[in-house]
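Visitor: Sequence first, predicted model second:
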Amino acid sequence: MKILRGTESDIIADGHLDYPDRILEKFDVIVASIHSRYKMDSAKMTKRSLRPLRQPVFKIWGHALGRKLLQRPPLNAMSSRFWMVIAESRAAIEVNGDPWRLDLEPRWIREARKRKIKFVISVDAHSTGALNNLKYGVGIARRGC
């Protein structure tokens, strides 16, 4: 077993990550996710989402849609340009098994698979009990195959 040092870093409004590079370089894995300012227009949100993908420390794009079922719609950022950049970055996309996220939609998994983008199945756990949600992440991933 190999234990990795990692963090989830927030993608702030201008597309930078919320930790300086000197800190991020110390981690083995970084999940970058958007946690605020969800109502940007499509062009701004796409630019915000693309910026961290180009950083060498970036490894996994977390809860890519940003949605919360019955609470918040998905981010307005999916585009052919986005898929091209993430494929070139060799980063992975999280398939999130949290029952309030169930993120990515199967159609986006199929779109990413066409470009040979890798996936990580996650539960977005904020407690040990949430680790039981792995089955939902696996189910979402299977629907996208």
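Guide: Thanks, I have it. Numbers count the residues shown, from 1 in each chain.
Visitor: dump the residue contacts of the spatially most central residue of the chain.
Guide: For the chain, the residue sitting closest to the mean C-alpha position, by CA atoms, centre = their mean, is residue 62 at 2.2 Å. By CB atoms under 8 Å, 6 or more residues apart in numbering, the residues touching residue 62 are 8, 31, 32, 33, 94, 96, 122, 124. In short, each C-beta sits where N, CA and C put it, glycine included.
Visitor: same thing but 6 Å
Guide: Listed by CB atoms under 6 Å, 6 or more residues apart in numbering, the contact set of residue 62 reads 8, 31, 33, 94.
Visitor: Can you list phi and psi of residue 116 for me?
Guide: phi 60, psi 30 (degrees, to the nearest 10).
Visitor: counting contacts, what elements does the worst-scoring helix or strand of the chain on mean pLDDT pack onto?
Guide: Least confident element among the helices and strands of the chain, by mean pLDDT, DSSP states H and E: helix 80-89 (a mean of 81). Contact partners of helix 80-89 among helices and strands, from 3 or more CB pairs under 6 Å, 6 or more residues apart in numbering; DSSP states H and E: helix 42-53.
Visitor: What is the helix it packs on packed up against?
Guide: Helices and strands touching helix 42-53, by 3+ CB pairs under 6 Å, 6+ apart, are helix 80-89.
Visitor: what do you get if the cut-off is 10 Å, keeping everything else the same?
Guide: Helix 42-53 sits against strand 29-33, strand 60-61, helix 80-89, with contacts defined as 3 or more CB pairs under 10 Å, 6 or more residues apart in numbering; DSSP states H and E.
Visitor: And the contacts of the second one?
Guide: Residues external to strand 60-61 that are found in contact with it (CB atoms under 10 Å, 6 or more residues apart in numbering): 6, 8, 11, 29-34, 49, 52-53, 82, 86, 89, 91-94, 104, 117-120, 122.
Visitor: can you do 8 Å?
Guide: The contact list for strand 60-61, computed with CB under 8 Å, 6+ apart, reads 29-33, 49, 53, 86, 91-94, 120.
Visitor: Out of the contacts of residue 62, flag the one nearest to residue 23.
Guide: Closest approach to residue 23 among the contacts of residue 62 (CB to CB): residue 8, at 13.1 Å.
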